[in-house]
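Visitor: Below is the sequence, then the predicted model.
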Amino acid sequence: MQPDQRRPPRAFRLDDLNQSFAGSASEKPRGPVVIEAARDPFEAEAEALMAARDIDEEAVEEAQQRGIVARSLFSWAGLFWSAAGGLVTLAMGLWLTKLVDDLFARAPAFGAIGLVLASLAGLALFVLAAREIAGVLRQRHIADLHAGLARARETDDFKEARRRIGELASLYAGRPETSIARAELRQHAHEIVDGRDLIDIAERTLVMPLDLDVEREIARAAKRVSVVTALAPKAFIDVIFVAAQAIRLIRRIAVIYGGRPGLFGFFKLLRSIGAHIAITGGMAAGDSLIQQLLGHGLAAKLSARLGEGVLNGLLTARVGLSAMAVCRPMPFASSRAPGVNDVAPFLFSKPDAKS
């Protein structure tokens, strides 16, 4: 065969090659044969999970930007509330001044008592304002730590990962139950030179135990809501109880992850949670409330109140999962983000046929 008549290399799949040989033993492929191995099905599944994880992480960071770390220097709403707050403060100051003057005019002892009480009230207001500012800054620091650890893990930056891990350990410096994990992290920080591995170890040793506490809180709240909704005689009791449990659950999750939300900090956190639910469209880690209700909605056929209890329990668990994603100081990397089925499986359990 002349050199110009040689056939170019061809690629054959293993199944096609076997069929060709079985059909005709005399027909053999000419030229070099390149055999392509079949794609591992687990590889496709892993790629899909990583893509879903990236989308969920983008949703978390965008929600944090909208609520917790929002830094708008000027807005008409902010200008209105600042001006209104200033007017109220001036009015309260003038009222207190007039009250103390009247007390002094009535009797010097009354004036002194009024002045001391006004000073104590001012001191308490200053402490509360300082706590509010500290709580907002602490929650903003947790959101910034979350984004920093996500970037350091994505780029495998060891220096940035080591610095962020130090901030993560200092965040829980006042928690005795994390002392062993923090000691292990300090040791690993000098032994491990891969940033991604260091972040994964920090997640497994320091954050995952906190995740378990958060999941237990979500399960308890969902169970309380479902039971009270099924047994409450009036609808307004359901509304009040569900709202109270959601507020308590959000605050509890923020505290477990190191936050200290005050009034304004809670409003910013609530804004981030609402943004996360809106961005994800009611879905998290492959969970869909509609799909769960269609697949496990047998309770509604047994009792309307029981069906309402399951629905309210699902919504409470969903709010808790969004709060978990927003308040967590680092993204889910070595572990999978829990879903409603993971934290509240009792909402989907079918009634026992023997009972």
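Guide: Nice, I can see it.
Visitor: alpha carbons only for contacts and neighbour counts from here, please
Guide: Fine.
Visitor: give me phi/psi at residue 174?
Guide: Comment: the main-chain dihedrals of residue 174 come out as phi -90, psi 10, following degrees, to the nearest 10.
Visitor: Let me know the distance separating it from residue 203.
Guide: The spacing between residue 174 and residue 203, counted by Cα to Cα, to the nearest Å, is 18 Å.
Visitor: Looking at those two, which one has more neighbours?
Guide: Under the criterion of other Cα atoms under 10 Å, the comparison of residue 174 against residue 203 puts residue 203 first, with 22 against 11.
Visitor: On the three-state scheme, residue 209 is what?
Guide: When the structure is split into helix, strand and coil by DSSP: H, G, I helix; E, B strand; the rest coil, residue 209 lands in helix.
Visitor: For it, give me its contacts.
Guide: Residues in contact with residue 209, defined by Cα atoms under 8 Å, 6 or more residues apart in numbering, are absent; none qualify.
Visitor: Report pLDDT for it.
Guide: For residue 209, the pLDDT comes out at 93.
Visitor: What's the separation between it and residue 58?
Guide: Relative to residue 58, residue 209 is positioned 24 Å away (Cα to Cα).
Visitor: Give me the next element, helix or strand, following whichever strand or helix holds residue 213.
Guide: Taking DSSP states H and E as the criterion, residue 213 maps to helix 208-231. Proceeding N to C from helix 208-231, the next assigned helix or strand is helix 235-256, under DSSP H and E.
Visitor: who's in contact with that next one?
Guide: Contacts of helix 235-256 from elsewhere in the structure, counted by Cα under 8 Å, 6+ apart, are 210, 213-214, 217-218, 221, 225, 228-229, 232, 260-261, 266, 312, 316, 319-320, 323-324, 327.
Visitor: List only buried entries from the residues you listed.
Guide: 210, 214, 217-218, 221, 225, 228-229, 260-261, 266, 312, 316, 319-320, 323-324, 327 (16 or more other Cα atoms under 10 Å).
Visitor: And the pLDDT for the residue lying closest to residue 322 once chain neighbours are set aside?
Guide: The shortest distance from residue 322 to any residue other than its chain neighbours is 5.8 Å, reached at residue 273 (Cα to Cα, 6 or more residues apart in numbering). At residue 273 the predicted local confidence, pLDDT, stands at 89.
Visitor: burial of residue 273, as a residue count?
Guide: The number of residues packed near residue 273 is 28, by other Cα under 10 Å.
Visitor: Can you name every helix or strand that the helix or strand that contains it contacts?
Guide: Following DSSP H and E, one finds residue 273 within helix 263-280. Packing partners of helix 263-280 (3 or more Cα pairs under 8 Å, 6 or more residues apart in numbering; DSSP states H and E): helix 41-66, helix 108-155, helix 304-327.
Visitor: and it, which residues are buried?
Guide: For helix 263-280, burial by neighbour count (16+ other Cα under 10 Å) applies to 265-266, 268-277, 279-280.
Visitor: now do stretch 235-245
Guide: 238, 241, 242, 245.
Visitor: any idea how far the third one lies from residue 224?
Guide: In this structure, residue 242 and residue 224 are separated by 9 Å, where distance is defined by Cα to Cα.
Visitor: How far does stretch 83-91 sit from its chain's centre?
Guide: A distance of 36 Å separates the centroid of the chain from that of stretch 83-91, by Cα atoms, centre = their mean, to the nearest Å.
Visitor: Stretch 317-335 too?
Guide: A distance of 3 Å separates the C-alpha centroid of stretch 317-335 from that of its chain, computed with Cα atoms, centre = their mean.
Visitor: Please save the CA atoms from it in PDB.
Guide: Listed in PDB are the C-alpha atoms of stretch 317-335, where the atom choice follows Å, rounded to 0.1, in the frame of the first residue of the first chain:
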ATOM      1  CA  ALA A 317     -38.300  23.300  57.700                       C
ATOM      2  CA  ARG A 318     -37.800  25.200  54.500                       C
ATOM      3  CA  VAL A 319     -37.300  28.500  56.300                       C
ATOM      4  CA  GLY A 320     -34.900  26.700  58.600                       C
ATOM      5  CA  LEU A 321     -32.800  25.300  55.800                       C
ATOM      6  CA  SER A 322     -32.600  28.800  54.100                       C
ATOM      7  CA  ALA A 323     -31.500  30.200  57.500                       C
ATOM      8  CA  MET A 324     -28.900  27.400  57.700                       C
ATOM      9  CA  ALA A 325     -27.500  28.200  54.300                       C
ATOM     10  CA  VAL A 326     -27.400  32.000  54.900                       C
ATOM     11  CA  CYS A 327     -26.000  31.800  58.500                       C
ATOM     12  CA  ARG A 328     -23.400  29.100  57.900                       C
ATOM     13  CA  PRO A 329     -19.900  30.500  58.000                       C
ATOM     14  CA  MET A 330     -18.700  28.400  55.100                       C
ATOM     15  CA  PRO A 331     -20.200  26.700  52.100                       C
ATOM     16  CA  PHE A 332     -21.100  23.100  51.800                       C
ATOM     17  CA  ALA A 333     -18.100  21.500  50.200                       C
ATOM     18  CA  SER A 334     -17.100  18.100  51.600                       C
ATOM     19  CA  SER A 335     -20.700  17.500  52.800                       C
END
